[in-house]
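[1] Sequence and predicted structure, then a few things I'm wondering about:
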Amino acid sequence: MNRILLIVALIGTLSACEVPGKDPDKISMTDENGNEVSIDKEFVNNRAAIMKELEEKADKLKSLTPISLEEAKALLPTTLGGIAITDEDLDSGNGIVKASSEYKSGTKEIELEIYDCTGEQGRKVFLSQLKTMANFATENENSYTKTIDLNGKKAIEEMDKIENEMKLRYFEKDRFLVMLEAKGITAEELRQIAGEIKF
């Protein structure tokens with residue numbers, strides 16, 4: 001089960017899920033894999049209002065005209081982290097406009113995907129940021145997933161220590177989903193690279 005849905009489903013028994021000695025502003029529990037999961041109490045207490053606001057924004061996006069493929073291509077930087085673009089792809093299939101690019105140099109690799117969250121399919125993607133708004137976090141000895149502050153906005157950051165892989169997922173201008181995946185690059189470096197993507 002999706003971890004956020006799991007947390008919402010357990011709202012009625014949250015007091016039993018809290019872990020003594022942890023942050024009093026967080027609710028903690030263990031997922032099906034034995035990893036500790038935490039979420040903001042404020043999000044849980046205000047989830048109805050948060051979802052209503054999010055759905056109103058998503059409904060507005062549904063009625064907007066998607067950007068053109070040429071406009072999508074213009075969003076792809078020619079360099080990221082000092083590495084020149086090595087490949088790019090544009091797609092408008094499945095009812096959503098997507099621009100993607102790759103940047104490779106030696107042991108460093110960066111993949112970028114940008115989705116225009118307009119139309120029915122875009123609306124569904126836009127609503128996926130619920131986890132980001134919940135200040136979600138989980139960690140084990142080999143990986144972590146958590147909400148971070150990224151240049152004044154919330155983002156989901158993931159690290160796979162075994163694969164030496166970092167991921168970032170965030171929204172720009174209440175419209176565009178940005179996904180970054182990198183190898184051979186630190187978390188701090190990837191956060192800085194995200195700042196190079198302009199809208």
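    Okay, I see it.
[2] show me where pLDDT drops low in this structure?
    Within the chain, the segments meeting pLDDT under 70 span 1-23, 29, 31-32, 130-133.
[3] 80 instead?
    Where the chain drops to pLDDT under 80, the residues are 1-47, 128-136.
[4] And it, split by domain according to the record?
    1-45, 61-194 (automatic domain parsing).
[5] would you turn those domains into a markdown table with distance to Met51 and mean neighbour count?
    To be clear about C-beta, it is placed using only N, CA and C from the backbone, and glycine gets the same treatment. Putting these into a markdown table (distance: least, C-beta to C-beta, whole Å; neighbours: other C-beta atoms under 10 Å) gives the following:
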| stretch | distance to Met51 | mean neighbour count |
| --- | --- | --- |
| domain 1-45 | 10 | 14 |
| domain 61-194 | 7 | 17 |
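[6] the helices in the chain, which residues?
    Secondary structure of the chain by DSSP state H: the helices cover 3-9, 14-17, 41-45, 47-62, 69-74, 119-126, 130-133, 187-194.
[7] what's the closest of those helices to Met159?
    Ranking the helices of the chain by proximity to Met159 (C-beta to C-beta) places helix 187-194 first, at 6.3 Å.
[8] what are the C-alpha coordinates of that closest one, in CSV please?
    Only the C-alpha atoms of helix 187-194 are listed here, as CSV (Å, rounded to 0.1, in the frame of the first residue of the first chain):
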residue,chain,number,x,y,z
ALA,A,187,22.9,15.3,-2.6
GLU,A,188,24.2,18.8,-2.2
GLU,A,189,25.5,18.9,-5.8
LEU,A,190,22.1,17.7,-7.1
ARG,A,191,20.3,20.4,-5.1
GLN,A,192,22.5,23.0,-6.7
ILE,A,193,22.0,21.5,-10.1
ALA,A,194,18.2,21.9,-9.6
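[9] Can you get me the centre-to-centre distance for that helix and its chain?
    Here helix 187-194 shows a centroid-to-chain-centroid distance of 14 Å under the convention C-alpha atoms, centre = their mean, to the nearest Å.
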